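Chemist: Attaching a predicted model along with its sequence, questions to come.
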Amino acid sequence: MKRILTLILLLGTCLPLLAQSDDNLLIIQEDLDRLILSAIENSTKLDVHQLSLESAAYQKKMINNEHLSIISLSGNLNEYSIRELSGDQTVSSFYPRYNVGLSFRLNHFSEIKNRKKLLEKDQQVILKQAEILERDLIEEVKKKYIEYLKTKQVLNIRKRLEQFSVADFNAVEQKFSEGSIDLPEYSAARRDYYSTKMQVLEAESRYQQAKTELETVVNNSLESMGIE
(Lines give C-alpha, C1' and ligand atoms only; values in the text may rest on other atoms or scores of the structure.)
Protein backbone atom coordinates (compact mmCIF):
# COMPACT_ATOMS: atom_id res chain seq x y z
CA MET A 1 0.00 0.00 0.00
CA LYS A 2 1.26 3.43 -0.84
CA ARG A 3 2.55 5.49 2.06
CA ILE A 4 0.37 8.56 2.12
CA LEU A 5 2.58 11.59 1.69
CA THR A 6 0.79 14.19 3.74
CA LEU A 7 -0.56 13.97 7.26
CA ILE A 8 -3.74 12.01 7.79
CA LEU A 9 -4.81 15.03 9.83
CA LEU A 10 -5.61 16.64 6.50
CA LEU A 11 -8.39 14.12 6.01
CA GLY A 12 -9.57 14.35 9.58
CA THR A 13 -10.11 18.09 9.33
CA CYS A 14 -11.65 18.16 5.84
CA LEU A 15 -14.00 15.19 5.74
CA PRO A 16 -16.53 16.24 8.41
CA LEU A 17 -16.95 19.56 6.59
CA LEU A 18 -17.37 17.84 3.25
CA ALA A 19 -19.91 15.39 4.59
CA GLN A 20 -22.16 18.22 5.79
CA SER A 21 -21.93 20.27 2.61
CA ASP A 22 -25.32 19.21 1.21
CA ASP A 23 -28.25 18.84 3.61
CA ASN A 24 -30.56 17.47 0.90
CA LEU A 25 -28.49 14.32 0.39
CA LEU A 26 -27.72 11.41 2.65
CA ILE A 27 -23.93 11.56 2.64
CA ILE A 28 -22.46 8.63 4.54
CA GLN A 29 -19.26 9.72 6.29
CA GLU A 30 -17.71 6.24 6.25
CA ASP A 31 -18.30 5.87 2.51
CA LEU A 32 -16.79 9.28 1.78
CA ASP A 33 -13.73 8.44 3.89
CA ARG A 34 -13.17 5.18 2.02
CA LEU A 35 -13.61 6.83 -1.37
CA ILE A 36 -11.04 9.53 -0.58
CA LEU A 37 -8.52 7.07 0.85
CA SER A 38 -8.93 4.85 -2.20
CA ALA A 39 -8.33 7.82 -4.51
CA ILE A 40 -5.17 8.78 -2.61
CA GLU A 41 -3.79 5.25 -2.40
CA ASN A 42 -4.40 4.54 -6.08
CA SER A 43 -3.23 7.90 -7.46
CA THR A 44 -0.46 7.45 -10.02
CA LYS A 45 0.48 11.13 -9.61
CA LEU A 46 1.09 10.60 -5.91
CA ASP A 47 3.12 7.52 -6.82
CA VAL A 48 5.47 9.79 -8.76
CA HIS A 49 5.85 12.09 -5.76
CA GLN A 50 6.54 9.11 -3.52
CA LEU A 51 9.26 7.83 -5.84
CA SER A 52 10.79 11.31 -5.99
CA LEU A 53 10.92 11.41 -2.20
CA GLU A 54 12.59 8.01 -2.05
CA SER A 55 15.08 9.06 -4.71
CA ALA A 56 15.96 12.19 -2.73
CA ALA A 57 16.46 10.09 0.40
CA TYR A 58 18.89 7.79 -1.44
CA GLN A 59 20.78 10.78 -2.82
CA LYS A 60 21.09 12.18 0.69
CA LYS A 61 22.64 8.91 1.89
CA MET A 62 25.06 8.96 -1.03
CA ILE A 63 26.11 12.50 -0.14
CA ASN A 64 26.72 11.48 3.46
CA ASN A 65 28.94 8.64 2.25
CA GLU A 66 31.05 11.02 0.19
CA HIS A 67 32.98 11.91 3.35
CA LEU A 68 34.62 8.52 3.05
CA SER A 69 36.05 9.40 -0.35
CA ILE A 70 38.66 11.70 1.21
CA ILE A 71 40.35 8.69 2.83
CA SER A 72 42.42 6.34 0.67
CA LEU A 73 43.68 2.95 1.80
CA SER A 74 46.05 0.80 -0.25
CA GLY A 75 48.14 -2.30 0.36
CA ASN A 76 51.41 -3.64 -1.01
CA LEU A 77 51.67 -7.08 -2.49
CA ASN A 78 54.82 -7.83 -0.48
CA GLU A 79 55.77 -6.85 3.01
CA TYR A 80 59.39 -6.53 1.92
CA SER A 81 61.59 -7.03 -1.12
CA ILE A 82 65.20 -8.18 -1.47
CA ARG A 83 67.53 -5.90 -3.46
CA GLU A 84 70.84 -7.27 -4.75
CA LEU A 85 74.03 -5.22 -4.19
CA SER A 86 77.52 -5.77 -5.53
CA GLY A 87 79.02 -9.18 -4.95
CA ASP A 88 77.09 -11.59 -2.83
CA GLN A 89 75.56 -9.00 -0.55
CA THR A 90 71.86 -8.43 -0.42
CA VAL A 91 69.79 -5.90 1.46
CA SER A 92 66.21 -6.40 2.58
CA SER A 93 64.01 -3.38 2.02
CA PHE A 94 60.88 -3.41 4.15
CA TYR A 95 57.69 -1.63 3.19
CA PRO A 96 54.54 -1.06 5.21
CA ARG A 97 51.70 -3.37 4.35
CA TYR A 98 49.12 -0.58 4.19
CA ASN A 99 49.24 3.01 3.01
CA VAL A 100 46.69 5.44 4.35
CA GLY A 101 46.16 8.78 2.69
CA LEU A 102 43.91 11.77 3.27
CA SER A 103 43.06 14.17 0.47
CA PHE A 104 40.13 16.54 0.08
CA ARG A 105 39.15 19.76 -1.59
CA LEU A 106 38.97 22.88 0.55
CA ASN A 107 35.27 23.26 -0.28
CA HIS A 108 34.48 19.58 0.27
CA PHE A 109 32.48 19.92 3.47
CA SER A 110 30.70 23.14 2.51
CA GLU A 111 29.74 21.65 -0.86
CA ILE A 112 28.25 18.56 0.76
CA LYS A 113 26.39 20.72 3.26
CA ASN A 114 24.89 22.87 0.50
CA ARG A 115 23.91 19.86 -1.60
CA LYS A 116 22.12 18.35 1.39
CA LYS A 117 20.27 21.62 1.91
CA LEU A 118 19.20 21.64 -1.74
CA LEU A 119 17.90 18.08 -1.43
CA GLU A 120 15.98 18.98 1.70
CA LYS A 121 14.40 21.91 -0.16
CA ASP A 122 13.50 19.57 -3.01
CA GLN A 123 11.84 17.22 -0.53
CA GLN A 124 9.85 20.11 0.95
CA VAL A 125 8.69 21.09 -2.54
CA ILE A 126 7.65 17.50 -3.29
CA LEU A 127 5.69 17.27 -0.03
CA LYS A 128 3.97 20.60 -0.71
CA GLN A 129 3.04 19.51 -4.23
CA ALA A 130 1.70 16.23 -2.85
CA GLU A 131 -0.35 18.10 -0.25
CA ILE A 132 -1.88 20.33 -2.94
CA LEU A 133 -2.58 17.29 -5.09
CA GLU A 134 -4.29 15.51 -2.19
CA ARG A 135 -6.45 18.55 -1.46
CA ASP A 136 -7.50 18.74 -5.11
CA LEU A 137 -8.16 15.00 -5.10
CA ILE A 138 -10.32 15.26 -1.98
CA GLU A 139 -12.35 18.05 -3.57
CA GLU A 140 -12.73 16.07 -6.80
CA VAL A 141 -13.93 12.95 -4.97
CA LYS A 142 -16.37 15.04 -2.97
CA LYS A 143 -17.86 16.59 -6.11
CA LYS A 144 -18.12 13.25 -7.90
CA TYR A 145 -19.64 11.57 -4.85
CA ILE A 146 -22.28 14.27 -4.43
CA GLU A 147 -23.11 14.13 -8.13
CA TYR A 148 -23.40 10.35 -7.86
CA LEU A 149 -25.79 10.66 -4.91
CA LYS A 150 -27.88 13.29 -6.71
CA THR A 151 -28.29 11.20 -9.85
CA LYS A 152 -29.08 8.17 -7.72
CA GLN A 153 -31.73 10.11 -5.84
CA VAL A 154 -33.26 11.41 -9.08
CA LEU A 155 -33.30 7.90 -10.52
CA ASN A 156 -35.11 6.51 -7.47
CA ILE A 157 -37.70 9.29 -7.68
CA ARG A 158 -38.20 8.68 -11.40
CA LYS A 159 -38.68 4.97 -10.77
CA ARG A 160 -41.33 5.63 -8.12
CA LEU A 161 -43.11 8.03 -10.47
CA GLU A 162 -42.92 5.35 -13.14
CA GLN A 163 -44.75 2.94 -10.86
CA PHE A 164 -47.56 5.47 -10.41
CA SER A 165 -47.56 6.12 -14.14
CA VAL A 166 -47.87 2.41 -14.89
CA ALA A 167 -50.77 2.06 -12.46
CA ASP A 168 -52.51 5.13 -13.91
CA PHE A 169 -52.01 3.97 -17.48
CA ASN A 170 -53.30 0.49 -16.68
CA ALA A 171 -56.43 2.06 -15.21
CA VAL A 172 -56.89 4.30 -18.26
CA GLU A 173 -56.30 1.35 -20.57
CA GLN A 174 -58.96 -0.64 -18.72
CA LYS A 175 -61.44 2.21 -19.01
CA PHE A 176 -60.64 2.63 -22.69
CA SER A 177 -61.26 -1.06 -23.34
CA GLU A 178 -64.59 -0.70 -21.55
CA GLY A 179 -65.42 2.34 -23.65
CA SER A 180 -65.75 4.70 -20.71
CA ILE A 181 -63.13 7.12 -22.07
CA ASP A 182 -62.47 8.32 -25.58
CA LEU A 183 -59.36 7.93 -27.74
CA PRO A 184 -57.86 11.41 -27.17
CA GLU A 185 -57.88 10.87 -23.39
CA TYR A 186 -56.35 7.43 -23.81
CA SER A 187 -53.67 8.78 -26.19
CA ALA A 188 -52.74 11.55 -23.74
CA ALA A 189 -52.35 9.00 -20.93
CA ARG A 190 -50.21 6.82 -23.16
CA ARG A 191 -47.95 9.77 -24.05
CA ASP A 192 -47.51 10.56 -20.35
CA TYR A 193 -46.69 6.92 -19.69
CA TYR A 194 -43.96 6.74 -22.34
CA SER A 195 -42.64 10.16 -21.34
CA THR A 196 -42.19 8.87 -17.80
CA LYS A 197 -40.35 5.80 -19.07
CA MET A 198 -38.02 8.01 -21.13
CA GLN A 199 -37.29 10.11 -18.05
CA VAL A 200 -36.35 6.93 -16.18
CA LEU A 201 -33.99 5.88 -18.97
CA GLU A 202 -32.36 9.32 -19.02
CA ALA A 203 -31.99 9.30 -15.24
CA GLU A 204 -30.47 5.82 -15.43
CA SER A 205 -27.97 7.03 -18.03
CA ARG A 206 -26.93 10.04 -15.93
CA TYR A 207 -26.61 7.82 -12.85
CA GLN A 208 -24.37 5.33 -14.64
CA GLN A 209 -22.22 8.15 -16.00
CA ALA A 210 -21.81 9.70 -12.53
CA LYS A 211 -21.01 6.28 -11.08
CA THR A 212 -18.36 5.64 -13.73
CA GLU A 213 -16.76 9.06 -13.17
CA LEU A 214 -16.60 8.47 -9.41
CA GLU A 215 -15.07 5.02 -9.86
CA THR A 216 -12.51 6.49 -12.26
CA VAL A 217 -11.39 9.07 -9.70
CA VAL A 218 -11.05 6.54 -6.86
CA ASN A 219 -9.70 3.88 -9.24
CA ASN A 220 -11.97 1.27 -7.70
CA SER A 221 -15.48 -0.11 -8.17
CA LEU A 222 -18.17 0.89 -5.70
CA GLU A 223 -19.32 -2.73 -5.45
CA SER A 224 -15.89 -3.93 -4.35
CA MET A 225 -15.87 -1.19 -1.70
CA GLY A 226 -19.32 -2.12 -0.44
CA ILE A 227 -20.82 1.25 -1.40
CA GLU A 228 -24.31 1.40 -2.84
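Modeler: In hand now; what should we look at?
Chemist: Could you grab the helix/strand/coil label for Ile27?
Modeler: With DSSP: H, G, I helix; E, B strand; the rest coil as the basis, the three-state label of Ile27 is coil.
Chemist: Now do the contacts for Ala189.
Modeler: Asp168, Phe169, Val172, Glu173 (Cβ atoms under 8 Å, 6 or more residues apart in numbering). C-beta: built from backbone N, CA, C; applies to glycine.
Chemist: close enough to count as contact, the third one and Tyr186?
Modeler: Yes - using Cβ atoms under 8 Å as the test, Val172 is close enough to Tyr186 to be in contact (6.0 Å).
Chemist: of these two, who's got more company?
Modeler: Between Val172 and Tyr186, counted using other Cβ atoms under 10 Å, the more crowded position is Val172 (20 against 16).
Chemist: Closest to the centroid, which residue in this protein?
Modeler: Ser43 (2.4 Å; Cα atoms, centre = their mean).
Chemist: isn't that residue right up against Leu133?
Modeler: Yes - Ser43 is within contact range of Leu133, at 7.4 Å (criterion: Cβ under 8 Å).
Chemist: next one: the longest helix along the chain to chain centre, how far?
Modeler: Of all the segments of type helix in the chain, defined by DSSP state H, the longest one is helix 108-178. On the basis of Cα atoms, centre = their mean, to the nearest Å, helix 108-178 is displaced by 13 Å from the centre of the chain it belongs to.
Chemist: next structured bit after it?
Modeler: Counting by DSSP states H and E, the next helix or strand C-terminal to helix 108-178 is helix 183-218.
Chemist: buried sites along that following helix?
Modeler: 186, 189, 193, 196, 199-200, 203, 206-207, 210-211, 214-215, 217-218 (16 or more other Cβ atoms under 10 Å).
Chemist: How about stretch 120-127?
Modeler: Buried, per 16+ other Cβ under 10 Å, within stretch 120-127: Asp122, Gln123, Ile126, Leu127.
Chemist: Closest one of those residues to Ile28?
Modeler: Leu127 (30.8 Å; Cβ to Cβ).
Chemist: Is that closest one in contact with Ser52, as I believe?
Modeler: No - at 9.9 Å, Leu127 does not count as touching Ser52 under the criterion of Cβ under 8 Å.
Chemist: Now do the shared contacts for these two.
Modeler: By Cβ under 8 Å, 6+ apart, no residue touches both Leu127 and Ser52.
Chemist: Please report the distance of the residue nearest to the centre of the chain from Thr216.
Modeler: Going from Ser43 to Thr216 by Cβ to Cβ, to the nearest Å gives 12 Å.
Chemist: same check, this time on Phe164
Modeler: Distance from Phe164 to Thr216, by Cβ to Cβ: 35 Å.
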